[in-house]
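>>> Quick one: sequence and predicted model below, then my questions.
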Amino acid sequence: MTLEPLPETDLTRHRRLREQGSLDRADLDAILDAGFVCHLGVVVEGRPLVVPTVYGRDERRLYLHGSVASRSLAGGMPVCVTVTHVDGLVLARSVFEHGVNYRSAMIHGEARKVTDPGEKAEGLRRLTEHATPGQWSYARQPDRKELAATTLLALSLEEASVKIRTGPPGDGDGPDAELGLWAGTLPLTSVWGTPVPDPPLPPDMPVPEHIARRGGTRHG
Ligand SMILES: Cc1cc2nc3c(=O)[nH]c(=O)nc-3n(C[C@H](O)[C@H](O)[C@H](O)COP(=O)(O)OP(=O)(O)OC[C@H]3O[C@@H](n4cnc5c(N)ncnc54)[C@H](O)[C@@H]3O)c2cc1C
């Protein structure tokens, strides 16, 4: 199936470092699927607020959740959400040419507060499953009181942009190559650790398979 390219709008059009931009929606999907923490940027009472928070998604929208008391989750206002994966440092001969290898996505839109109970439950399921596949059906699901204390926002993935930098520094064929300095990249990888049981658990209680199998696997 061919996916529609990402739209180039006034908001999403790259102005700087354009060569790192991608209009491939599959790149957006891969970046969103590789992470579970985003940064939600929103103006609250006239001041910008950037809030780290977890997310889930379906094919067309991102879901964000939190306390009904969160001012950043009021909904009905423009937001900008970023998801970032750092793949390494780019160490060049000159400080000016230093950089970061990364994959990042930025989503612009108006977040909508989800009020339909069915969509709210489904959005929360997706959010839980996105961070820990298998956990929605393993853990106790939210009751009415907990649902009432939780805000769920939905944000369309339509107006989104992607930027990706890979590869070595850019000064290998410039005048600074004559300096004789080491240059290259220092890769960075995140790996899930070994699950640590909650102390009150019986010592012989096995770790559920859907959690145990992630130990040692790569994140990001
Ligand atoms: C981990 C990391 C570190 C970075 N460090 C630096 C740094 O030190 N200095 C620096 O100048 N740049 C850095 N960048 C790149 C930075 O994110 C911007 O892309 C770049 O600075 C251009 O910013 P701008 O305001 O001119 O964007 P513009 O090109 O004016 O942005 C226009 C539109 O392009 C899209 N866009 C811009 N940046 C991104 C992005 N990163 N991901 C997805 N869409 C994007 C957005 O939709 C935005 O509205 C870094 C990126 C990452 C992920």
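Received the coordinates, thanks. What you see is a predicted model; the values in this text were computed from it and never measured. Numbers count the residues shown, from 1 in each chain.
>>> With adjacent residues omitted, what lies nearest to K163?
Among residues not flanking K163 along the chain, Q20 sits closest, at 4.6 Å (CB to CB, 6 or more residues apart in numbering). Every residue, glycine included, has its C-beta placed from N, CA and C.
>>> Ignore what I typed, I meant L89.
L89's closest residue in space is L186 (CB to CB, 6+ apart), at 4.4 Å.
>>> Next: L147.
In space, L147 is closest to K120, 6.6 Å off (CB to CB, 6+ apart).
>>> Mind checking what secondary structure the one you found has?
Secondary structure, DSSP: H, G, I helix; E, B strand; the rest coil: K120 is helix.
>>> Tell me the pLDDT of it.
Listed pLDDT for K120 reads 97.
>>> for L3, same thing?
80.
>>> which residues touch it?
D24, R25, A26, D29 (CB atoms under 8 Å, 6 or more residues apart in numbering).
>>> now with 7 Å?
R25, A26 (CB atoms under 7 Å, 6 or more residues apart in numbering).
>>> before we move on, the earlier item: list the contacts of the residue nearest to L147.
Counted by CB under 7 Å, 6+ apart, K120 has contacts V114, L147, L152.
>>> ok, how many other residues are close to the last one?
What that stands for is L152. Close neighbours of L152, defined as other CB atoms under 10 Å, add up to 26.
>>> That one bridge partners, please.
H65 (DSSP bridges).
>>> which non-adjacent residue is nearest Y55?
Distance criterion CB to CB, 6+ apart; nearest residue to Y55, sequence neighbours excluded, is C38 at 4.8 Å.
>>> mind checking the longest strand of this protein?
When the chain is parsed with DSSP state E, its longest strand is strand 78-91.
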